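[1] A structural model of the following input is requested.
(chains A and B)
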2 protein chains.
Amino acid sequence: MSVTMYNLTVPVFSRGLTVLSTLLTKAEAHAAETGVSVESLVSARLVEDMLPLSGQIQRVSDTAKNTVGRLMTIAAPSFPDTEATFAELKARVEKTLAFLQTITAQDLEGSDTRDISVKFGKLELTLSGSDYVLKFAIPNFFFHVTTAYDILRAQGVPVGKADYLGAYS
Amino acid sequence: MSVTMYNLTVPVFSRGLTVLSTLLTKAEAHAAETGVSVESLVSARLVEDMLPLSGQIQRVSDTAKNTVGRLMTIAAPSFPDTEATFAELKARVEKTLAFLQTITAQDLEGSDTRDISVKFGKLELTLSGSDYVLKFAIPNFFFHVTTAYDILRAQGVPVGKADYLGAYS
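    Predicted coordinates:
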């Protein structure tokens, strides 16, 4: 024993958000160097009926802050999905990180056994806090980080797996 | 307190592997219905210098079994990367699941503080067992599950986010 609910959420999400910020910085530099428009990158999708880059980043932000909010039974800050530039997307990431930085390990104590209600489309279910994190929040969080990365790769932005994995220090 | 190293690995990886098996079943059905060749789906990539679908699945399998093996300081079973059909890829997933089913919570007790050496390209580092899982293995595992999903979406296979998230029962 073992890993706390805090360890399982706040540092994991913070790390992924920091990775995303690095990817956005590289995408912005790529646009500046190649003359590719910011708008075309921010609105790029893998497939027509999947979310664009901006939407992937908004969902990463929401998953991070709302997971912690639900575990604590507080309302996480709400951000309108209006970001259309790299500066705005990075600000969204920063605001999300700033919220996570206010959370302490104590805030999440006992949340592993708390009932959490999840809605996804028509799906409504109740999971324990730890199941909610391990079966829903973490898979969903990395889905959107990875798909953001995959979109940038498909657009020719020079990012690599080491950027996705992030720093180890 | 909270979540054990077992909870953080074996059921999380087993769930993701089961999701992958469902995705492969749908991809196989899509090939049969549309006449798209199995080979073209199995070798499909998002970008030329990313792994094809088969490679993504092989890395999901490796991440799952090798993470548990390293935490236990045992050699996980080794599978050659020779799968070229959906039946073979699903068999790889099944073999990986079968290995995970042999692992008990007791097998992973104390592994949170064990030093784990990680090699990734030129990167060599040592992390505690819990950092290894949260900063490396889980992000890497979901990277490859998500990219497999993204490849199938890009190939027009009718899978959706609910398939990626999996069943809650």
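
[2] any idea how far A:Pro158 is from chain B?
    Distance, A:Pro158 to chain B, by C-beta to the nearest C-beta, to the nearest Å: 11 Å. The C-beta positions use only the backbone N, C-alpha and C, and glycine is treated the same way.

[3] tell me which element that residue falls in.
    For A:Pro158, there is no host helix or strand (DSSP states H and E).

[4] so where do the strands sit in chain A?
    According to DSSP state E, chain A carries its strands in the segments A:115-120, A:123-128.

[5] any idea of the mean pLDDT for the last one?
    Across strand A:123-128, pLDDT averages out at 91.

[6] Can you get me the start-to-end distance on stretch A:77-85?
    Across stretch A:77-85, the terminal residues are separated by 21 Å (C-alpha to C-alpha, to the nearest Å).

[7] how about that stretch: buried residues?
    With burial defined by 16 or more other C-beta atoms under 10 Å in any protein chain shown, the residues of stretch A:77-85 counted as buried are A:79, A:83.

[8] Check stretch A:18-30 too.
    A:19-21, A:23-24, A:26-28, A:30.

[9] Same check on stretch A:61-78?
    A:61-65, A:67-72, A:76.

[10] outside of stretch A:46-60, which residues touch it?
    A:16-17, A:20, A:24, A:27, A:41-45, A:79, A:81, A:83-84, A:89, A:92-93, A:96, A:140-141, A:144-145, A:147-148, A:150-152, A:154, B:46, B:150, B:153-154 (C-beta atoms under 8 Å, 6 or more residues apart in numbering or on different chains).

[11] First-to-last residue distance for it?
    End-to-end for stretch A:46-60, by C-alpha to C-alpha: 17 Å.

[12] Just want the most central residue of chain A.
    A:Val60 (2.1 Å; C-alpha atoms, centre = their mean).

[13] Going by proximity to chain B, name the top residue of chain A.
    A:Phe142 (3.5 Å; C-beta to the nearest C-beta).

[14] measure that residue to A:Lys95 for me?
    From A:Phe142 across to A:Lys95, the span is 21 Å (C-beta to C-beta, to the nearest Å).

[15] When these two are compared, which one has more neighbours?
    A:Phe142 (23 against 14; other C-beta atoms under 10 Å in any protein chain shown).

[16] Do you know the pLDDT at the nearest residue to that one once chain neighbours are set aside?
    Once flanking residues are discounted, A:Phe142 sits nearest to B:Phe142: 3.5 Å by C-beta to C-beta, 6 or more residues apart in numbering or on different chains. The confidence metric pLDDT takes the value 98 at B:Phe142.

[17] OK, contacts around B:Phe142?
    By C-beta under 8 Å, 6+ apart, the neighbours of B:Phe142 are A:138-139, A:142-143, A:146, B:16.

[18] what would the residues you listed look like in JSON lines with distance to B:Ala167?
    JSON lines is the format used below for the contacts of B:Phe142 (distance: C-beta to C-beta, whole Å):
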{"residue": "A:Ile138", "distance to B:Ala167": "16"}
{"residue": "A:Pro139", "distance to B:Ala167": "12"}
{"residue": "A:Phe142", "distance to B:Ala167": "19"}
{"residue": "A:Phe143", "distance to B:Ala167": "16"}
{"residue": "A:Thr146", "distance to B:Ala167": "21"}
{"residue": "B:Gly16", "distance to B:Ala167": "12"}
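
[19] Quick one: distance of the longest helix anywhere in chain A to the chain centre.
    Taking DSSP state H as the criterion, chain A has its longest helix at helix A:5-34. Relative to the chain's own centre, helix A:5-34 is displaced by 8 Å; criterion: C-alpha atoms, centre = their mean, to the nearest Å.

[20] Show me what it is packed up against.
    helix A:38-42, helix A:53-72, helix A:86-101, helix A:129-131, helix A:138-154, helix A:161-165, helix B:138-154 (3 or more C-beta pairs under 8 Å, 6 or more residues apart in numbering or on different chains; DSSP states H and E).

[21] Could you dump these into TSV with distance to B:Asp107 added?
    Shown next, in TSV, are the helices and strands packed on helix A:5-34 (distance: least, C-beta to C-beta, whole Å):
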stretch	distance to B:Asp107
helix A:38-42	46
helix A:53-72	28
helix A:86-101	33
helix A:129-131	20
helix A:138-154	22
helix A:161-165	26
helix B:138-154	19
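
[22] Flag the shaky bits of chain A, pLDDT-wise.
    In the predicted model, chain A carries pLDDT under 70 at residues A:1.
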